[in-house]
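Engineer: Just the structure for this:
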Amino acid sequence: SLSLTQIYDEFKTLVDEFKEVKFDILDTTVLQFDEEFLNFRTRIKELERRIGAILNQSFEDLDTIISKLKLLDSFEGLLSRQIIHDELEKKYIVLLDMFKLDLVKVQALFLNGKILIENNDPQSPLPTGMPPVAGALNWSRGLEERIREPMEKLSSISQSIQEREEYKDVHKLYTSIMKGLKEFEQMKIKTWETTVDANSQSKLLLPVLKKNPDKTISVNFDQALVELLREVKYLLLLDKDVPEKAKQVFAKSETYRQMTCQLDAIVVTYNEILTTLQPVQYPLFKESIKRMDDQLSEGFDKYQWVTEKLIDFINVSKHEVSEVNKHVGQMKGSEKATKAAMAKWNKSLMERKNKPMPPEEVYLPHKANLDADLRVKFKETAKEIQNNTSQLGDSLKVQKTSTEWQEYENYINCMVTSEIIDSVKKSLDFLKTVTSHVKVEPIFEIDLLLDEDEKILMFYPPLLENKEKTKSVRNVIFALINDFMELAAYFTRLDAKKTGDFLKEITDDFEVSELVTCISNNIFSIESEVTSYSKEFAGFKFLWEDDLETTFNNFLQGTGEKKVVEGEEDEEADEKQKILERTIFKNVAAKPPPLELFDSEISRLNSFHAKIEEIKEYIDIHWI
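Structural biologist: Next comes the predicted model:
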């Protein structure tokens with residue numbers, strides 16, 4: 001573009017200089033004109049050669065025939081200049097060769113695509129989203145437009161190009177392809193027109209609804225009608241003529257669209273009602289469903305797409321189905337509210353403490369929370385469920401003494417039972433987990449103490465049952481289990497007025513019983529292991545069972561003689577006598593044991609002392 005701008009500026013300068021000559025250009029006697037004009041022509045030809053060079057280079061740089069032809073269009077006024085024409089004359093052969101190759105490609109695309117379309121092959125070149133006939137015409141029109149424009153431009157470039165044999169061959173091939181495309185379009189339209197009458201008349205006489213094998217229903221707007229309306233829409237966009245009957249059907253396309261949409265909404269709602277109602281729920285709507293079926297039954301035979309009062313049928317059907325759906329929605333909403341109310345309890349009622357604690361300190365806060373809060377909230381939940389169910393019965397206007405309603409109440413009872421069981425199982429499963437022998441943190445803390453009066457080792461709080469029931473480990477765990485299960489007693493059964501609860505269902509549940517058994521086994525196992533641990537102290541029992549003086553006296557008596565001393569010197573005897581008269585040697589042998597025995601006994605006792613020092617103050621045995 002910069003080179004062309006420069007050439008244009010030079011051309012303007014030449015013209016301006018030629019305009020400003022000092023002589024009269026009309027004076028034939030002035031020979032200077034010939035000289036000036038020759039100079040002007042020479043410089044103009046130089047500019048034309050430069051333009052030709054630019055055209056030639058640009059022509060080589062472009063890849064497609066259409067871009068090359070557009071380049072020539074840009075210089076349309078200059079192509080007749082002899083220098084430029086001579087420069088481009090040899091390029092016309094290149095254009096014809098390129099266009100011929102493109103024609104061959106288009107012909108191959110057409111022939112292959114035509115076969116694929118006729119065979120309804122998935123690989124056919126039909127545009128996605130368009131109906132078959134309009135799609136085929138749109139595809140063929142695309143091929144036609146691909147070759148028409150280049151052909152028209154080639155024909156208008158130069159008369160000389162049309163005289164070439166190459167051009168005649170190209171034109172012949174072009175004419176053949178265009179003929180094939182036209183024949184293809186005419187064949188597709190003619191074939192389609194033969195089906196229009198059948199689709200536009202017979203399909204409109206079908207009932208608006210039909211029954212499916214699975215007892216659901218669907219809108220009976222035949223797919224052939226849908227295809228017909230789509231074909232007409234796209235053919236009109238392609239400026240194609242369509243049969244009059246097809247136009248008449250298409251004129252009501254918006255009406256059909258609105259009616260099918262409304263019927264689709266009715267059908268979806270109806271099918272949802274039938275397919276989602278449980279057997280125990282269906283009897284509650286038996287009469288209203290019968291009225292709804294009676295209304296819709298006319299759509300299976302009486303009403304067709306051409307029936308004048310079809311819209312009235314749709315409106316009445318919509319009202320009937322909506323009424324049933326409203327009541328079904330109320331019932332499902334009530335059941336959803338029941339599940340939501342019970343979902344608050346779908347968790348363990350017991351939580352792990354931050355550190356091990358005596359059983360009673362674990363249980364008493366739980367008991368206090370149970371008495372002060374949980375039982376009240378449980379009763380409130382039960383009341384909420386009773387109110388929801390009662391209000392549903394009032395809304396549905398059912399006889400609450402009827403068999404259908406009592407069976408439905410039992411259905412809600414089963415739902416509540418399932419939720420209560422899940423809640424109890426959550427709590428029991430927590431208790432099972434924290435009392436298992438898998439690696440867990442201790443939850444209870446007990447002491448191993450010496451009963452100085454009885455002179456025995458004992459656990460405090462005790463492991464087994466005792467008179468103070470809430471203090472033993474076993475009693476606390478079984479008290480927790482009872483608390484979890486007794487919450488079911490705060491739910492009044494819907495089918496028992498103000499009497500009856502769900503406690504029996506909870507105690508009879510297999511999984512609940514299995515969890516309780518597992519917890520019991522965990523308790524028995526821990527009792528055995530903890531008791532075994534206490535037996536490790538049996539080797540030290542002499543420390544609390546034997547009397548100190550008696551033990552020491554026995555030691556002395558077992559190794560010495562009577563206290564009477566004979567055959568010794570008076571002074572030494574007096575000294576020993578004074579020693580033996582001390583309180584510690586009362587009733588002991590007169591002769592003390594040898595020092596070696598004292599050393600032996602002291603060593604034995606020191607070894608016990610060392611073992612005692614090694615005993616840990618705290619030890620974890622699974623969850624205790």
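
Engineer: Strands of the protein, residue ranges please.
Structural biologist: 209-211, 217-219, 447-451, 456-460 (DSSP state E).

Engineer: residues near residue 548, how many?
Structural biologist: For residue 548, the count of nearby residues is 8 (other CB atoms under 10 Å). Where you see a C-beta, it was placed from the backbone N, CA and C, and this is true even at glycine.

Engineer: any idea how far it lies from residue 598?
Structural biologist: From residue 548 over to residue 598 the distance is 16 Å, taken as CB to CB, to the nearest Å.

Engineer: before we move on, what about residue 444?
Structural biologist: In terms of CB to CB, residue 444 sits 46 Å off from residue 598.

Engineer: who's more crowded, those two?
Structural biologist: residue 444 (23 against 13).

Engineer: which ones are touching the more buried one?
Structural biologist: Shown in contact with residue 444 (CB atoms under 8 Å, 6 or more residues apart in numbering): 356-359, 362, 473, 476, 623-624.

Engineer: ok, 7 Å please
Structural biologist: 356, 359, 362, 473, 623-624 (CB atoms under 7 Å, 6 or more residues apart in numbering).

Engineer: for the stretch 501-624 of the chain, which spans come out with low pLDDT?
Structural biologist: 558-592 (pLDDT under 70).

Engineer: quick one, helices of it?
Structural biologist: Counting by DSSP state H, counting those that start in this stretch, one finds helices in the stretch 501-624 of the chain at the ranges 503-508, 510-534, 542-545, 548-557, 570-580, 595-614.

Engineer: TSV please, covering those and showing distance to residue 185.
Structural biologist: As requested, the helices of the stretch 501-624 of the chain are exported to TSV (distance: least, CB to CB, whole Å):
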stretch	distance to residue 185
helix 503-508	76
helix 510-534	73
helix 542-545	115
helix 548-557	125
helix 570-580	142
helix 595-614	104
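
Engineer: Next one: residue 481 from residue 441, what distance?
Structural biologist: Taking CB to CB, one finds residue 481 at 21 Å from residue 441.

Engineer: can you check residue 16 too?
Structural biologist: 104 Å.

Engineer: Residue 606 too?
Structural biologist: With CB to CB as the criterion, residue 606 and residue 441 are 37 Å apart.

Engineer: Which of those two has more residues huddled nearby?
Structural biologist: More neighbours surround residue 441 than the other of residue 606 and residue 441, with 13 against 10 (other CB under 10 Å).

Engineer: coming back round to it: and which of the contacts of residue 444 is nearest residue 459?
Structural biologist: residue 473 (8.4 Å; CB to CB).

Engineer: Check the burial of residue 259 by counting its neighbours.
Structural biologist: By the criterion of other CB under 10 Å, residue 259 has 19 neighbours.

Engineer: what does residue 249 give?
Structural biologist: 22.

Engineer: List the contacts of the nearest residue to it once chain neighbours are set aside.
Structural biologist: Nearest non-adjacent residue to residue 249, counting by CB to CB, 6 or more residues apart in numbering: residue 200, 4.7 Å away. Contacts of residue 200 were listed using CB under 7 Å, 6+ apart, and they are 228, 245-246, 249.

Engineer: Distance-wise, check residue 200 relative to residue 206.
Structural biologist: 12 Å.

Engineer: And for residue 457?
Structural biologist: Going from residue 457 to residue 206 by CB to CB gives 94 Å.

Engineer: Please name whichever of the strands of the chain is nearest to residue 398.
Structural biologist: In terms of CB to CB, the element of the strands of the chain nearest to residue 398 is strand 217-219, at 26.5 Å.
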